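Colleague: Sequence first, then the predicted structure, then my questions.
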Amino acid sequence: MTPVAEKISEWVNLKFENTPCFLIEVKSSGQNARIQVLVDCDSGISIDACAQLSRYLEHQLEQHDLVPDNYILEVSSPGIGYPFKFQRQYAKSINRHIE
């Protein structure tokens, strides 16, 4: 994991402390020009929650001068084809068809 990804993980985990939300993965590529943050909540995460987290992370990244001037930050929930990484992701899928 890159130093930027580690710092983002730290910020997200602090932000989500004592909430039903959790970090799944942080990916960065191209000298941190593209950063993808995957998050979820026990009952699903809203677009508004992702947007709020994105604004928070943008502020942190720019304040700490950790990204180039032109970077892409994507904050979203994992897609349908993304494999489960944590036990709590299975719990919200009870009684749903998954592969």
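Modeller: Looks like it came in fine.
Colleague: can you map out the helices along this structure?
Modeller: 3-15, 47-63, 87-91 (DSSP state H).
Colleague: for the ones you listed, which one ends up most surrounded?
Modeller: Using mean count of other Cβ atoms under 10 Å, the stretch among those with the largest mean neighbour count is helix 3-15, at a mean of 16. C-beta here means a position set from N, CA and C on the backbone, and glycine is covered the same way.
Colleague: From the chain's centre, how far out is that one? Work that out for me.
Modeller: Remark: helix 3-15 is offset 9 Å from the chain centroid, using Cα atoms, centre = their mean, to the nearest Å.
Colleague: cool, stretch 68-84 as well?
Modeller: 7 Å.
Colleague: How about stretch 36-51?
Modeller: 7 Å.
Colleague: how long is it end to end?
Modeller: 13 Å (Cα to Cα, to the nearest Å).
Colleague: now the helices of the chain in CSV, with distance to Cys41?
Modeller: Shown next, in CSV, are those (distance: least, Cβ to Cβ, whole Å):
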stretch, distance to Cys41
helix 3-15, 12
helix 47-63, 7
helix 87-91, 9
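Colleague: could you redo the ones you listed as TSV and give each row mean pLDDT and distance to Gly79?
Modeller: Shown next, in TSV, are those (pLDDT from 0 to 100; distance: least, Cβ to Cβ, whole Å):
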stretch	mean pLDDT	distance to Gly79
helix 3-15	95	18
helix 47-63	96	13
helix 87-91	75	13
